[in-house]
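I'd like to go over a predicted model; first the sequence, then the structure.
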Amino acid sequence: MKKLHHPDLKKMSTLKMGGRAGAIYYPEQESHLEKLSGIIGSDQRCMFLGRGSNVLFTDNTADLVLIKWHGNLQPEISAREGEHILVNVDAGFPLPRLLGWSASRGLSGLEGLAGIPGSVGGAVVMNAGSHGVDFCSLLSRVWIWTPAAGLQCLQPEEFSHGYREFKINTLPGEFLVTAALISLTPSSPEVVQENIKKFYLRKKKVQPVLAATAGCVFKNPPNGESAGRLLDQAGFRGKKSGQTAFSTKHANFLVNLGNGTSLQALALIQEAREKVKQVSGHELQLEIRII
Ligand SMILES: Cc1cc2nc3c(=O)[nH]c(=O)nc-3n(C[C@H](O)[C@H](O)[C@H](O)COP(=O)(O)OP(=O)(O)OC[C@H]3O[C@@H](n4cnc5c(N)ncnc54)[C@H](O)[C@@H]3O)c2cc1C
């Protein structure tokens, strides 16, 4: 199994911040997972990483061990179930490429997720969603691995999901997602492609999709309020600390303007939380993972 010592976390996350981790392992087959048991069982701090598009790495990561599932096989149509086409996809496969793959085969269901830069594994764990589509609603099966139980295939009744959340009903704690079976519906390549383009352009208009960012910093509060609107109201749109800022395009996106640091990002996040609480009474919860 491939392993790198002291990887630079700026290169492992779309926000391009952080120091160096202790090591990163790249398992890509079942036999590699067995070797990971010893690492995860030790006292080391471990994290499963996807494409790093919802992560803020701090500079305090010298002891961190990253595990990045490196299986990246092409998606495959595995069966037809009534009106649905079931597609098997590796957790390491990039979501944007999965959208391209499904468009070229005229398979519909994922179009609303256009512009989300994560991996399939990250889309499961975060239940990535936009434009009324959430990834976990398309799940027919999911394969996970834990050191205690090994590799398991879970049926829909064994997991649950909500807003930016995916849980395994019988298993508390961390697990590695290695693959998913998703249910899509037949359409035509032109229609799917056209809808992907439409959703992408809609997203690009209101979000800094081409900037160094990690998506939304905060979750929307449960009452239907938008975190972006609350941040706007509290004066955080465009607010800067050094080379880090809340985007001028969308107040809930933190952007790295060049040499932004995690200290600047953490200070802005803290300040925003306090000010939003003071102005609106809302206690914003993080969507981004701070490591
Ligand atoms: C420009 C931009 C736009 C975005 N727009 C949206 C949006 O519209 N909607 C939305 O929901 N999100 C959005 N995001 C956030 C992000 O892309 C999603 O949350 C995505 O699903 C994260 O996937 P990832 O592979 O990058 O995960 P990472 O950022 O690497 O990890 C996120 C979490 O998932 C866990 N994880 C990742 N892979 C695995 C795995 N294989 N097994 C177990 N755990 C794993 C990590 O441990 C971590 O807790 C956006 C981000 C950016 C940069």
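Cool, got the structure.

show me where pLDDT drops low in the stretch 151-291 of the chain?
In the prediction, the stretch 151-291 of the chain carries no residues with pLDDT under 70.

at 90 instead, please
By pLDDT under 90, the low-scoring segments of the stretch 151-291 of the chain are 170-174, 223-224.

near the ligand, which residues of it are found?
Listed as neighbours of the ligand in the stretch 151-291 of the chain under the rule CB under 6 Å from any ligand atom: 176-177, 207, 209, 213-215, 289. In short, each C-beta sits where N, CA and C put it, glycine included.

how about the residues of the stretch 1-150 of the chain near the ligand?
Residues of the stretch 1-150 of the chain lying near the ligand (CB under 6 Å from any ligand atom): 14, 47-55, 69, 91, 115-119, 121-123, 125-126, 128-130.

again, only using 8 Å
Taking CB under 8 Å from any ligand atom as the contact definition, the stretch 1-150 of the chain meets the ligand at 13-15, 47-55, 68-69, 91-92, 95, 113, 115-130, 134-135, 144.

quick check: most distant residue from the centroid of this structure.
Distance to the chain centre peaks in the chain at residue 82, reaching 30.3 Å (criterion: CA atoms, centre = their mean).

can you tell me how far it is from residue 183?
As judged by CB to CB, to the nearest Å, residue 82 and residue 183 stand 10 Å apart.

what do you get for residue 224?
Using CB to CB, we find residue 224 at a distance of 28 Å from residue 183.

more crowded one of these two?
Each of residue 224 and residue 183 has its neighbours counted (other CB atoms under 10 Å); residue 183 has more, 20 against 6.

quick one: the more buried one from the ligand, how far?
Distance, residue 183 to the ligand, by CB to the nearest ligand atom, to the nearest Å: 18 Å.

off-centre distance for stretch 220-228?
Relative to the centre of its chain, stretch 220-228 is centred 19 Å away, using CA atoms, centre = their mean, to the nearest Å.

if we can go back for a sec, which pLDDT value does the model give the residue farthest from the centre of the chain?
Model confidence at residue 82, given as pLDDT, is 88.

same deal with residue 95?
On the pLDDT scale, residue 95 gets 97.

quick check: phi and psi at it.
phi -60, psi -40 (degrees, to the nearest 10).

same question for residue 53.
Backbone torsions of residue 53, given as degrees, to the nearest 10, read phi -100, psi 10.

helices along the stretch 1-150 of the chain, start to end?
Here the stretch 1-150 of the chain has its helices, by DSSP state H, counting those that start in this stretch, at 30-41, 95-104, 120-125.

give me the contact list for the shortest one.
Helix 120-125 is touched from outside by 48, 50-51, 53-54, 69, 89-95, 98, 113, 116, 128, 135-136, 139, 142, 166, 176-180, with contacts defined as CB atoms under 8 Å, 6 or more residues apart in numbering.
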